[in-house]
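Engineer: With the input below, show me the fold.
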Amino acid sequence: MKPTRETVRLIATDMDATLLSGEPRSISVRTRTALDAAAAAGIRVLAVSGRQPYSQATFVQGTPLADLGIGSNGAVVANLGTGETLAEEVLEPDAQTALTYALRDIFPDVKVATFRNGGNTVRAQFGYLEAIAGRQAPWPPDQQVVALDEVLGVGAVKLVAKVPGVPVDQVYAAAVALAVPGCQPTISGASWLEVSRAGVTKASTLAKVAAGLGIDAAEVVAIGDNVNDVEMLRWAGCGVAVANATPEALAAADLVTVSNEQDAVARLIEDVLSS
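Structural biologist: All right, here's what the predicted structure looks like:
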């Protein structure tokens, strides 16, 4: 069913390749205007991303998205204006260690990093610095390159794994086949595997946040582009895939709109408000 102004109370949007466009990536003027219009109409807008909240916040300041946000593929709920972590789901050290060593048996060159403390503490085997379009995050993360035992020794909201020279789809397929207890692997379009605590997805946390706001799934529109959006697109009353989405996201969606480079989120909001 096509979403209308009378039926929609919350619009949840992925960020990369959905909300953000251009180079360097940013929220376009048209999309900022549409986000303001949605808020003025009483529709809640929410950024739901694989990015950590500090990185999300880099893009959303000055928009209605600079409030409640979901990051780390559902593992963190934070205020994107103040940086306060409101809730988090932790991947246990035993689970992340088991998956890492299982992946090493398949891909000896795999390197990993973990995000702790609402995503604000990064411990990595390699020089991990999340691309934030050349700008500084409103609050800087604590990032250090350390030995593997230190990377894995503390529970984390997200584990990432990168294998030089191996397509991330292949690493993801291996992680899914391993089915390590306690782990929820996914991919987002970045060049690394992303792993949360088992059962934690964008959808699982969006459902909790929406319930806390008194909003039913039927009143939610979700828009996204990649594998890590699939559960969210299926859960929402209306799931929308951008034209540049992966086959998995397209198959999960109820509707398909224009690409992120054609202001997909703005188009969606404009259509809802005019219907």
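
Engineer: what comes up buried for the helix or strand bottoming out on mean pLDDT in the chain?
Structural biologist: Lowest by mean pLDDT, DSSP states H and E among the helices and strands of the chain is strand 142-145, with a mean of 90. Neighbour counts using 16 or more other CB atoms under 10 Å place Gln143 of strand 142-145 among the buried residues. Where you see a C-beta, it was placed from the backbone N, CA and C, and this is true even at glycine.

Engineer: and that strand, what does it pack onto?
Structural biologist: strand 121-124 (3 or more CB pairs under 8 Å, 6 or more residues apart in numbering; DSSP states H and E).

Engineer: which parts of stretch 27-35 are buried?
Structural biologist: Those would be 27-28, 30-32, 34-35, for stretch 27-35 by 16+ other CB under 10 Å.

Engineer: whoops, I mixed them up, stretch 243-253
Structural biologist: Buried-residue list, stretch 243-253, by 16+ other CB under 10 Å: 244-246, 248-250, 252-253.

Engineer: from the buried residues of stretch 27-35, which is closest to Gln56?
Structural biologist: Ile27 (11.3 Å; CB to CB).

Engineer: Next one: the closest one from Val45, what distance?
Structural biologist: 11 Å (CB to CB, to the nearest Å).

Engineer: Next: Phe126.
Structural biologist: Phe126 is 35 Å from Val45, by CB to CB.

Engineer: Give me the more crowded residue out of those two.
Structural biologist: Using other CB atoms under 10 Å, the more surrounded residue of Phe126 and Val45 is Val45, with 23 against 14.

Engineer: How about the secondary structure of the more buried one?
Structural biologist: strand (DSSP: H, G, I helix; E, B strand; the rest coil).

Engineer: same thing with Glu194?
Structural biologist: strand.
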